[in-house]
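Asker: Curious how this folds, go ahead:
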Amino acid sequence: MLILNKLTILRDKTYHFQSVIHLNRNLYKKSIQPKPVFFNKVKVTSHSSCRHKINSFSTISKMSLKHLGAGSECPPKSDEKKLRLYSMEYCPFVHRVRLVLRAKNLDFETVNINLINKPEWLFKLHPEGKVPALEIGDKVIVESLDICNYLDQEYPNPPLYPSDPTQKEKDIALFDVIGKLHGNFIDLVLKKETKTPQEWKNIFMPNLTKLNDELKQRGTTYFGGETPGMLDYVLWPWAERAGTVVIVLGEKLPLESNELEVIRKWRKTMQEHPVVAGIYHGPEKFYKSVQIKVGELPPDYDAI
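Answerer: The predicted structure is shown next:
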């Protein structure tokens, strides 16, 4: 995990940090560590990055639901001690963080970013100008999994990982499976490859089957037991967006009624959980954000 303290960007495009604090990375197995990206001597891990409703799970100050772009000013903080999430409303990686914040009933404020027309000040928070980024006082944590793990360490109630170390390692190892599904999903949604629904099914099935069989073996409602855990929240953004496949292909993947029964039931149950339901957008709005990304729609996330 990286915490960045008062990042300064020099105009010669060289990035410098006044301090970098490396926290415990034992949350990840070495076999699934992401490949590091280096900005001079500063390491930023390359996990994928990219309106809240006030509810009983978290108190959210609506600093800027409008997506701020170039030429805007960063809104002043209402409270230096309050968590601030730099976000894009439809980003699945931000979605993970929002779910964890809600699950832990944390007070935070949100600043949404136009990722096509990024504000200049964003690069003072993240050297690549990405979201999510979580600001705590004068420190900034980047990358969705690092943020989620930081929140689970600093705010341990409710715990989102199993207490058993072996089971925890097993959950973390499944992040790699989710990552592979994400890669396949992006290939489909961005139309990087032209395949039939059956061909796409054949690509998705091995990793979907791993998740289905794992949950079946556990015999619980969620991967986290009878309440969602970290694995559920890390997986959910892709489950919520699964309907995008139908939008792109014009039809569902040809699944038999007895295929992936457990994970399909999990998806329905998760959608009804209050932590998830309170910020549910669905596949249609997500796909509009994809169309913005590829230039098929004007870069106005607020119009979605």
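Asker: Going by C-alpha atoms from here, please, whenever you check contacts or count neighbours.
Answerer: OK.
Asker: What is the end-to-end distance of stretch 292-304?
Answerer: End-to-end distance for stretch 292-304, by CA to CA, to the nearest Å: 10 Å.
Asker: got the buried residues for that stretch?
Answerer: Neighbour counts over stretch 292-304 (16 or more other CA atoms under 10 Å) mark I292, P299, D300, Y301 as buried.
Asker: How about stretch 145-159?
Answerer: Across stretch 145-159, burial judged by 16+ other CA under 10 Å covers L145, D146, I147, C148, N149, Y150, L151, D152, P159.
Asker: Tell me the one among the buried residues of stretch 292-304 nearest to L125.
Answerer: Each of the buried residues of stretch 292-304 was scored against L125 by CA to CA, and Y301 proved nearest at 21.0 Å.
Asker: List the contacts of the closest one.
Answerer: By CA atoms under 8 Å, 6 or more residues apart in numbering, the residues touching Y301 are H67, E89, N114, S289, I292.
Asker: pLDDT value on the third one, please?
Answerer: Here the pLDDT value assigned to N114 is 98.
Asker: Same check on the last one?
Answerer: Per-residue confidence (pLDDT) for I292: 98.
Asker: Kindly report the same for the first one.
Answerer: The predicted structure scores H67 at 97 on the pLDDT scale.
Asker: Repeat that for the second one.
Answerer: With respect to pLDDT, E89 scores 97.
Asker: hang on, it in a helix?
Answerer: No - looking at E89 with DSSP: H, G, I helix; E, B strand; the rest coil, it is coil, so not inside a helix.
Asker: For the stretch 51-200 of the chain, just list every one of the strands.
Answerer: Taking DSSP state E, counting those that start in this stretch as the test, the strands found in the stretch 51-200 of the chain are 60-68, 83-87, 108-113, 133-136, 139-142.
Asker: on that earlier part again, show me the buried residues of stretch 292-304 that map onto strands.
Answerer: Counted as lying in strands by DSSP state E, out of the buried residues of stretch 292-304, is not a single one.
Asker: Which of those residues sits closest to E272?
Answerer: Using CA to CA, these come closest to E272 at Y301, 25.7 Å.
Asker: So for that closest one, what's the pLDDT?
Answerer: For Y301, the model assigns a pLDDT of 98.
Asker: And the one 3 residues further on, by the same measure?
Answerer: Among the per-residue scores, I304 shows a pLDDT of 96.
Asker: lowest-confidence helix or strand of this protein?
Answerer: Of all helical and strand segments in the chain, the minimum by mean pLDDT, DSSP states H and E falls on strand 15-22, at a mean of 28.
Asker: so can I have JSON lines of the contacts of Y301 showing distance to H273?
Answerer: As requested, those are exported to JSON lines (distance: CA to CA, whole Å):
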{"residue": "H67", "distance to H273": "27"}
{"residue": "E89", "distance to H273": "20"}
{"residue": "N114", "distance to H273": "29"}
{"residue": "S289", "distance to H273": "24"}
{"residue": "I292", "distance to H273": "29"}
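Asker: Going by neighbour count, which of these comes out on top?
Answerer: In terms of neighbour count, E89 stands highest of these at 26 neighbours, by other CA atoms under 10 Å.
Asker: Please tell me I have it right and that residue contacts N114.
Answerer: No - applying CA atoms under 8 Å, one finds E89 not in contact with N114, separated by 9.4 Å.
Asker: got the contact list for D152?
Answerer: By CA under 8 Å, 6+ apart, D152 lies in contact with P159, L160.
Asker: Look up how far K168 lies from it.
Answerer: Distance, D152 to K168, using CA to CA: 13 Å.
Asker: end to end, how far does stretch 279-286 reach?
Answerer: 13 Å.
Asker: Check what pLDDT G129 gets.
Answerer: pLDDT recorded at G129 is 96.
Asker: Show me this structure divided up by domain.
Answerer: Domain segmentation of the chain under automatic domain parsing yields 2-154, 165-272.
Asker: Let me see the mean pLDDT of the longest helix along the chain.
Answerer: Looking across the chain with DSSP state H, the single longest helix is helix 165-189. Mean per-residue pLDDT for helix 165-189: 97.
Asker: I'd like the distance from that helix to the chain centre, please.
Answerer: Distance of helix 165-189 from the chain centroid (CA atoms, centre = their mean, to the nearest Å) equals 12 Å.
Asker: who does that helix touch, helix- and strand-wise?
Answerer: Packing partners of helix 165-189 (3 or more CA pairs under 8 Å, 6 or more residues apart in numbering; DSSP states H and E): helix 197-218, helix 230-240, helix 244-249.
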